[in-house]
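**Q** Need the 3D shape of this:
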Amino acid sequence: QVQLVESGGGLVQAGGSLRLSCAASGRTFNIGAMAWFRQAPGKEREFVAVIRWSGSTTYYTNSVKGRFTISRDNAKNTMYLQMNSLKPDDTAVYYCAGRPTLVMTTIPEDYSYWGQGTQVTVSS
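**A** I've put the predicted structure just below:
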């Protein structure tokens, strides 16, 4: 089993920055790809970004391209999401997720491992 724990959320003004972290533990050799999703109140969970656990291949949803950067440190078993130029529309609970295969997908149901979420609030 794989355990994921997010941290780094908080309250920030529009235009500000935050860096989220996702620490993985347990059978981390089972991780092929990891992603960030977010869920705003009253909305469905949506894809933000994904990265292969080995290599550097990444993919982003259009609304965050150029503003967010996903990365990982395999030595620390940790994934990051650097969020710059934040907007009020970015306000949501952010979740990290992992799946055993290298195929990167944007569908929440494809991911087997989930963290508990961290709140990001962007004020205008």
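
**Q** Spatially central residue in the chain, please.
**A** Nearest residue to the geometric centre of the chain (Cα atoms, centre = their mean): W36, 2.2 Å.

**Q** who's W114 bridged to?
**A** A97 (DSSP bridges).

**Q** hmm, back to that, which of the helices or strands spans the residue nearest to the centre of the chain?
**A** Here W36 sits within strand 33-39, counting by DSSP states H and E.

**Q** Residues touching stretch 60-68, excluding its own?
**A** Here stretch 60-68 makes contact (Cβ atoms under 8 Å, 6 or more residues apart in numbering) with 46-49, 70, 81-86, 89-90, 106. C-beta: built from backbone N, CA, C; applies to glycine.

**Q** That one: end-to-end distance?
**A** When the termini of stretch 60-68 are compared using Cα to Cα, to the nearest Å, they are 8 Å apart.

**Q** quick check: mean pLDDT across that stretch?
**A** For stretch 60-68, mean pLDDT rounds to 98.

**Q** can you pull the buried residues of that stretch?
**A** Judged by neighbour count (16 or more other Cβ atoms under 10 Å), stretch 60-68 contains these buried residues: 60-61, 64, 68.

**Q** Looking at those residues, which two lie furthest apart in space?
**A** T61 and F68 (8.9 Å; Cβ to Cβ).

**Q** Tell me where the protein has helices.
**A** Ranges of helices within the chain: none, based on DSSP state H.

**Q** That one: strands as residue ranges?
**A** 2-7, 10-13, 18-26, 33-39, 46-52, 58-60, 68-73, 78-83, 92-99, 113-114, 118-123 (DSSP state E).

**Q** Which secondary structure elements does the shortest one sit against?
**A** Packing partners of strand 113-114 (3 or more Cβ pairs under 8 Å, 6 or more residues apart in numbering; DSSP states H and E): strand 2-7, strand 92-99.

**Q** what's the answer for the longest one, then?
**A** Helices and strands touching strand 18-26, by 3+ Cβ pairs under 8 Å, 6+ apart, are strand 2-7, strand 33-39, strand 78-83, strand 92-99, strand 118-123.

**Q** ok, 10 Å please
**A** The contact analysis (3 or more Cβ pairs under 10 Å, 6 or more residues apart in numbering; DSSP states H and E) places strand 18-26 against strand 2-7, strand 10-13, strand 33-39, strand 68-73, strand 78-83, strand 92-99, strand 118-123.
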